[in-house]
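Engineer: any chance you can model this:
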Amino acid sequence: MLALIAGTGDLPVAIMARLATRPLVCAMAGFRPAVTPDVTFRIEQLGSLLSDLKSRGITEVCMAGAVLRPAIDPTAIDPLTKPLVPKIMHAIAQGDDGALRAIIAIFEDAGIKVRAAHDIAPDLLPAEGVLGRAPVTFDMRQDAVTAEQAVRDMGKADVGQACLVRNGRVLAREDQAGTDAMLARFAPGDDDFWAPVDGLGAVLGSAAEWLSGSEGEPVDARGAILFKAPKPDQDRRADLPVIGPKTAQQAVAIGLAGIVIEHGGVMVLNEADVRATLDAAGLVFWVRPKGGA
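Structural biologist: As a prediction, this is how the structure comes out:
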């Protein structure tokens, strides 16, 4: 029997839609998933949650959706969780990937197998290749190489899974706020936003490779690619990157040239909608093999 530990976002909904039988839905207190939870728990009562799951006959769990690292209230730790405190504190002290590995180990030590979301829903991993109508240009291929290295370096530091690159320059890197927040930094805001940018670009010509704000940060992401890939050596049973229709809509809104994701490493929600949105705006959608040119 399966339990779904649901975070925020649309992934838990997508997973449930692919299951013949409704799983037991669990949610961490303070995070409201898009599906109705049967069980709400605190990290300070993780031991009690494990006992409850086993008493219900749960043999497998799937972790799906976004959850921020919780603060620990020592006064809320219950007796069944006290033996786990060293492992929990060790997990909380690590980066995101290390924390997930430690939490997965706690579940498996309790005899509960952790299943990856893409094992339950393999169709969320799209086929390799250029999936839209727009072709991949030589410059995009070069930018993808730069972006892959940037995300690899970020992943080693456990600080993100996506970046924006244009003309060999990394314009932005994802942080704990996520991909949507990174893209939102470049949102126009209104229809007149690009007018002064276009005017200045016309004056500067090719020298205006990118425009920057007062602190040297790019304010214009047009023509860049969004690249997204897993962290190196991450445990893919949890926190595999995800994009969806909102990602495509944001990419169009800020004038990106396309979206590039690592084949087999990024899940796509509502792929048909993502492709339709990007095709309508002439953006590239490339599912690129790892290390591909």
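Engineer: helix or strand next in line after the worst-scoring helix or strand of the chain on mean pLDDT, which one?
Structural biologist: In the chain, no helix or strand scores lower on mean pLDDT, DSSP states H and E than helix 194-204, which sits at a mean of 41. Downstream of helix 194-204, the next assigned helix or strand under DSSP states H and E is strand 225-228.
Engineer: could you report the distance from the closest residue to Arg236 other than its chain neighbours to Ala238?
Structural biologist: In this structure, Arg236 finds its nearest non-sequential neighbour in Ala116, 5.8 Å apart by Cβ to Cβ, 6 or more residues apart in numbering. Where C-beta positions appear, they are placed from N, C-alpha and C, glycine not excepted. According to Cβ to Cβ, to the nearest Å, Ala116 and Ala238 sit 7 Å apart.
Engineer: between those two, which one's more packed in?
Structural biologist: Using other Cβ atoms under 10 Å, the more surrounded residue of Ala116 and Ala238 is Ala238, with 24 against 17.
Engineer: and that one, what element?
Structural biologist: Assigned by DSSP H and E, Ala238 belongs to neither a helix nor a strand.
Engineer: same deal with Ala127?
Structural biologist: Assigned by DSSP H and E, Ala127 falls outside every helix and strand.
Engineer: please report how far it lies from Ala272.
Structural biologist: Distance from Ala127 to Ala272, counting by Cβ to Cβ: 13 Å.
Engineer: ok so, going back, so what's the residue nearest to Arg236 up against?
Structural biologist: Ala116 sits next to Cys62, Arg236, Arg237, Ala238, Leu240 when contact means Cβ atoms under 8 Å, 6 or more residues apart in numbering.
Engineer: widest-spaced pair of those residues?
Structural biologist: Cys62 and Arg236 (12.4 Å; Cβ to Cβ).
Engineer: with neighbour numbers in mind, choose between these two.
Structural biologist: Higher neighbour count among Cys62 and Arg236: Cys62, with 26 against 15, using other Cβ under 10 Å.
Engineer: report the beta-bridge partners for that one.
Structural biologist: Taking DSSP bridges as the rule, Cys62 bridges to Leu4, Arg115.
Engineer: identify the residues contacting it.
Structural biologist: Residues counted as contacts of Cys62 (Cβ under 8 Å, 6+ apart) are Leu2, Ala3, Leu4, Ile5, Ile15, Pro23, Val114, Arg115, Ala116, Ala117, Ile120.
Engineer: now the residues you listed: which count as buried?
Structural biologist: When the contacts of Cys62 are checked for burial by 16 or more other Cβ atoms under 10 Å, the buried set is Leu2, Ala3, Leu4, Ile5, Ile15, Pro23, Val114, Arg115, Ala116, Ala117, Ile120.
Engineer: Throw the residues you listed into CSV and include distance to Lys290 and pLDDT, thanks.
Structural biologist: Compiled in CSV, the buried ones among the contacts of Cys62 are given as follows (distance: Cβ to Cβ, whole Å; pLDDT from 0 to 100):
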residue, distance to Lys290, pLDDT
Leu2, 30, 97
Ala3, 32, 97
Leu4, 29, 97
Ile5, 28, 95
Ile15, 24, 96
Pro23, 31, 97
Val114, 24, 95
Arg115, 23, 95
Ala116, 17, 95
Ala117, 19, 95
Ile120, 23, 95
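Engineer: just put those in CSV and tack on distance to Ala144.
Structural biologist: Formatted as CSV, those follow (distance: Cβ to Cβ, whole Å):
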residue, distance to Ala144
Leu2, 36
Ala3, 38
Leu4, 34
Ile5, 33
Ile15, 29
Pro23, 37
Val114, 31
Arg115, 31
Ala116, 25
Ala117, 25
Ile120, 29
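Engineer: and which of these is nearest to Val266?
Structural biologist: Taking the buried ones among the contacts of Cys62 together and measuring to Val266 by Cβ to Cβ, the closest member is Ala117, at 11.9 Å.
Engineer: now that closest one. Nearest residue, chain neighbours left out?
Structural biologist: Ala117 sits nearest to Ala64 (Cβ to Cβ, 6+ apart), 4.7 Å away.
Engineer: tell me, how many residues neighbour the one you found?
Structural biologist: Neighbour number of Ala64 under other Cβ under 10 Å is 31.
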